[in-house]
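Student: Quick one: sequence plus predicted model below, questions after.
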Amino acid sequence: MTRNVFLLACLVVTPLAAGCGGGGVEVQATTPTVEIQAETPPAPPPPIVEVQTVSPGAEFFWVGGYHRWYGGRYVWVGGHWDRRPHARAVWRGARWERRGNRQVWIEARWE
């Protein structure tokens, strides 16, 4: 497991754990990000076409699946129904964003 993947796992599981300190991870209060410094992953493969099941209710929103960089390769995280935190909530999907010469992971979130 590369150092970057370890730091990403620490941020996702226990962001304040003592073992996760050190360079390579950047967290912003308004938009959680993980900065990959040592290696830049290639572009992710095309999304996998998923079949949406019937919505469990009007307050639910389909959160589509996405590719996450893990262990030196992309792994698919499947879609699911998620309850809106409030009626006007907007879903912002997880994504890689290029900032200068680096790739930054933007976590999915409700706004």
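Tutor: Looks like it came in fine.
Student: Give the residue spans of this structure that score low on pLDDT.
Tutor: Low-confidence regions of the chain, defined here as pLDDT under 70, cover residues 1-40.
Student: Recalculate using a threshold of 80.
Tutor: Segments of the chain classed as low confidence (criterion: pLDDT under 80) are 1-41, 43, 96, 103.
Student: what about the strands in it?
Tutor: For the chain, the strands defined by DSSP state E cover 33-36, 60-63, 66-70, 73-77, 80-83, 91-92, 95-99, 102-106, 109-110.
Student: need the contact list for His80.
Tutor: With CB atoms under 8 Å, 6 or more residues apart in numbering as the criterion, the residues that contact His80 are 62-63. From N, CA and C alone the C-beta is placed, and that goes for glycine too.
Student: Recalculate using a threshold of 7 Å.
Tutor: By CB atoms under 7 Å, 6 or more residues apart in numbering, the residues touching His80 are Val63.
Student: and if you look at Pro56?
Tutor: Under the criterion of CB under 7 Å, 6+ apart, the contact partners of Pro56 comprise Trp81.
Student: mind checking how far it is from His80?
Tutor: From Pro56 across to His80, the span is 10 Å (CB to CB, to the nearest Å).
Student: Pro47: which of the strands of the chain is closest?
Tutor: With CB to CB, the closest approach to Pro47 among the strands of the chain belongs to strand 66-70: 7.0 Å.
Student: That closest one to strand 95-99, inter-axis angle?
Tutor: 60 degrees (axes from the mean of the first three to the mean of the last three CA atoms, to 10 degrees).
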